[in-house]
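Chemist: Next input, structure requested:
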Amino acid sequence: MKQRLLWKLLLINIVPVIGIIILVVWLAIDQLAAGYFMALMDKYEVSPNDIHQMFLTAVHRYLLWATVAALALAFLISYFLIRRVLQPLSQMHTITREVAAGNFSARVDVISQDEVGELGVAFNRMADSLEQVEQLRKTMVADVAHELRTPLTNLRGYLEALNDRVLPPSQETFTMLQQEIMRLVSLVENLQQLARADAARVYLKREKLSLAEIVDQILSLYRLPFQEKNISVEKSIGPGAEFVMADRDKLLQAIRNLVENGWKYTPDNGRIAISTQPDRGAVKFSIVNSGPGIPESDLPFIFERFFRADRSRSRDGGGAGIGLAIVRELIEAHGGKVGAESRSGETLVWFSLPA
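Modeler: Below you'll find the predicted structure:
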């Protein structure tokens, strides 16, 4: 592809330009220079016929040699310049094959600031995104397998022990088995919620909703969990940010996930603050919780599926890492945005919806 484009550009740039120049010079010599030469011959009373023909022949011969030299020089210069300009395109052609084969590490060498260089920069950004998505996909598969393997292994072990009569049946054993089953059920329900969140873009039943009413409804559901951890909750609905146009069920799900996430990661005797405020034609909903912050390197990924900052994957510190991914899908389905900020002792998670 590159070679064909290279030859096309060479022919387009060299042949018409050099051809037009030579044609103009040739006609100028035949029409003007020859005329001046004839006038001089008449002035000095010299027979112009033979000399005139010799003059034209010599000029045409040197003009042909000059044409060949100009074409060769123009070809060499244009060839190397165009080849250098097309180098990123050739690299893109090669790298796309590597990306198709699963290698996302190759990048284009950007050697110019022109449109081709901008294309190379955009191509590298696309490759970065694809590499990131592939890494997240692999992580997600590993995380799903991990989340399923542990409870299934526990169930298998206890059921085999019960079947072999190594472990006598007891209320505690059946309670533990039920907890493992409920953990699997919870994971499957979260995956179903994520699938429904993905499909939320297709259908939204928008209506005018009161954020104060929705927040009160969610907080009433978590009153007991907050009391058990002695967490204080503050609510502030700013003027001009009382209402939004959204789907009630989906907005309830998004806010509930944020509140549950805040409850899980807020230590005992901690604090949670929920607020809304206008933000450049949108309504911004924020929830701040005290507790250990999120590392800065993890912040760009907390809304990704199955991502958890807890590298040890202890279930005491959170769920499967789907809640915030559901929030992002639901909010983006409404045309909104999500984000997070964190510093020592405090974490802020927010979303904004068009007013």
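
Chemist: Packing partners of the one helix or strand Gln132 maps to?
Modeler: When secondary structure is defined using DSSP states H and E, the element that contains Gln132 is helix 115-163. Packing contacts for helix 115-163, counted by 3 or more Cβ pairs under 8 Å, 6 or more residues apart in numbering; DSSP states H and E, involve helix 48-100, helix 171-198. C-beta here means a position set from N, CA and C on the backbone, and glycine is covered the same way.

Chemist: Put together a markdown table for those, with mean neighbour count on each row.
Modeler: Supplementary listing: the helices and strands packed on helix 115-163 in a markdown table, determined by neighbours: other Cβ atoms under 10 Å:
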| stretch | mean neighbour count |
| --- | --- |
| helix 48-100 | 14 |
| helix 171-198 | 14 |
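
Chemist: what's the least confident stretch among the ones you listed?
Modeler: When the helices and strands packed on helix 115-163 are ranked by mean pLDDT, helix 48-100 comes last with a mean of 72.

Chemist: got the angle between it and helix 115-163?
Modeler: Helix 48-100 and helix 115-163 are oriented at 20 degrees to each other (axes from the mean of the first three to the mean of the last three Cα atoms, to 10 degrees).

Chemist: can you tell which of the helices and strands packed on helix 115-163 is closest to Ala333?
Modeler: Nearest to Ala333, of all the helices and strands packed on helix 115-163, is helix 171-198, at 7.2 Å by Cβ to Cβ.

Chemist: With distance to Thr153 as new columns, can the helices and strands packed on helix 115-163 be given to me in a markdown table?
Modeler: Formatted as a markdown table, the entries for the helices and strands packed on helix 115-163 read as follows, by distance: least, Cβ to Cβ, whole Å:
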| stretch | distance to Thr153 |
| --- | --- |
| helix 48-100 | 37 |
| helix 171-198 | 9 |
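
Chemist: For Ile231, which of those helices is the nearest?
Modeler: In this view, the helices and strands packed on helix 115-163 are compared for proximity to Ile231 by Cβ to Cβ, and helix 171-198 is the closest at 22.0 Å.

Chemist: so how far is the following helix or strand past that closest one from its chain's centroid?
Modeler: Toward the C-terminal end, the helix or strand that comes next after helix 171-198 (DSSP H and E) is strand 206-210. Centroid displacement of strand 206-210 relative to its chain, using Cα atoms, centre = their mean, to the nearest Å, is 31 Å.

Chemist: ok, now stretch 159-177?
Modeler: Using Cα atoms, centre = their mean, the distance from the centre of stretch 159-177 to the centre of the chain it belongs to is 49 Å.

Chemist: and it, how far apart are its ends?
Modeler: Length of stretch 159-177, first residue to last, Cα to Cα, to the nearest Å: 9 Å.

Chemist: What count of nearby residues applies to the nearest residue to Pro88 once chain neighbours are set aside?
Modeler: The shortest distance from Pro88 to any residue that is not its chain neighbour, by Cβ to Cβ, 6 or more residues apart in numbering, is 4.2 Å, and that residue is Gly120. Burial of Gly120, expressed as a neighbour count using other Cβ atoms under 10 Å, amounts to 22.

Chemist: Quick check: Gly120 touching Gln113?
Modeler: No - because the distance of 10.3 Å does not satisfy Cβ atoms under 8 Å, Gly120 is recorded as not touching Gln113.

Chemist: if we can go back for a sec, check what pLDDT the residue nearest to Pro88 gets.
Modeler: Reading off the per-residue confidence, Gly120 sits at a pLDDT of 79.

Chemist: got a list of what it touches?
Modeler: Under the criterion of Cβ atoms under 8 Å, 6 or more residues apart in numbering, the neighbours of Gly120 are 88, 91-92, 108-110.

Chemist: one step back: indicate which one of the helices and strands packed on helix 115-163 is closest to Arg305.
Modeler: For the helices and strands packed on helix 115-163, distance to Arg305 was read as Cβ to Cβ. The smallest value, 6.8 Å, belongs to helix 171-198.

Chemist: Show me what that closest one is packed up against.
Modeler: helix 115-163, helix 248-265, helix 323-333.

Chemist: Which one of these lies nearest to Glu242?
Modeler: Judged by Cβ to Cβ, the one of the helices and strands packed on helix 171-198 that comes nearest to Glu242 is helix 248-265, at 13.8 Å.

Chemist: Tell me which helix or strand comes right after the closest one.
Modeler: Once helix 248-265 ends, the next helix or strand along the chain (criterion: DSSP H and E) is strand 271-279.

Chemist: What residues sit buried inside that next one?
Modeler: Residues of strand 271-279 classed as buried under the neighbour-count rule (16 or more other Cβ atoms under 10 Å) are 271-277, 279.

Chemist: Which of those residues lies at the shortest distance from Leu211?
Modeler: When these are ranked by distance to Leu211 (Cβ to Cβ), Thr276 comes first, at 5.2 Å.

Chemist: Just list the residues touching the closest one, thanks.
Modeler: Contacts for Thr276 were tallied using Cβ under 8 Å, 6+ apart; they are 211, 236-238, 241-242, 283-286.
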